[in-house]
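Student: Build the 3D model from these lines:
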Amino acid sequence: MRRVDVETAIRARRTHKQYKAEPVDDALVRELVDLARWAPNHKLTNPWRFRLLGPETRARIDELVPEQEVLKLRRAPTLVLVTALRSDDPLLAEEDVQATAAAVYALLLAATARGLASYWRTPGCFREPPVRGLLGLAPNETLVGLVHLGLPASEPPPKQRAPVEDVLTVLP
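Tutor: Numbers count the residues shown, from 1 in each chain. Next comes the predicted model:
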């Protein structure tokens, strides 16, 4: 398995929509989640929750969501649902969602470093009560992402980014 440095992983990470059929080994998913949980989080709340969606769960989701979404979900052989447990404190709840987003990015970078393709999505149907219920989401859990993982079937080209001058303001 190849490994790359952080800068290379950041620049090489792409949104993939085409995957080979082989699922990602559960042990490798566990390794990715282990790295993701090192994301910064205020007061060490560990707000993130990761759910590796197995074949039975995926089949049940297929029964609940529109056909167009089923086709998108079937693109990747491995799906990891990432949610944030929100605090009752509004400020901490916001920080917990942001920390969980950082954990998702860490997972994506770790996947890229290991030669995996990935795609971070937030399908609206995963916010609907039937799917939330199937997945066992608590009322205080916020969907942060559905991460598609697998071996790449193609290599998407890099997309143009805004120049640093467009996004950085240096204040006196």
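
Student: need the contact list for residue 97.
Tutor: 47, 84, 86, 142, 144 (C-beta atoms under 8 Å, 6 or more residues apart in numbering). All C-beta atoms are positioned from the backbone trio N, CA, C, and that covers glycine.

Student: My guess is residue 45 contacts residue 93. True?
Tutor: No: using C-beta atoms under 8 Å as the test, residue 45 is too far from residue 93 to be in contact (9.8 Å).

Student: Now list whatever residues contact both of those two.
Tutor: residue 87.

Student: Let me see the ranges of the strands in the protein.
Tutor: With DSSP state E as the criterion, the chain has strands at 48-52, 78-85, 117-121, 141-150.

Student: quick one: the last one to chain centroid distance?
Tutor: Right, the one you point to is strand 141-150. Strand 141-150 has its C-alpha centroid displaced from the chain centroid by 4 Å (C-alpha atoms, centre = their mean, to the nearest Å).

Student: What of the first one?
Tutor: A distance of 9 Å separates the C-alpha centroid of strand 48-52 from that of its chain, computed with C-alpha atoms, centre = their mean.

Student: who are the neighbours in contact with the closest residue in space to residue 45 that isn't next to it in sequence?
Tutor: Distances taken as C-beta to C-beta, 6 or more residues apart in numbering put residue 96 closest to residue 45, at 5.6 Å, once the chain neighbours are dropped. Residues in contact with residue 96 (C-beta under 8 Å, 6+ apart) are 41-42, 45, 47, 84-87.

Student: I'm done for today, thanks for sticking with me.
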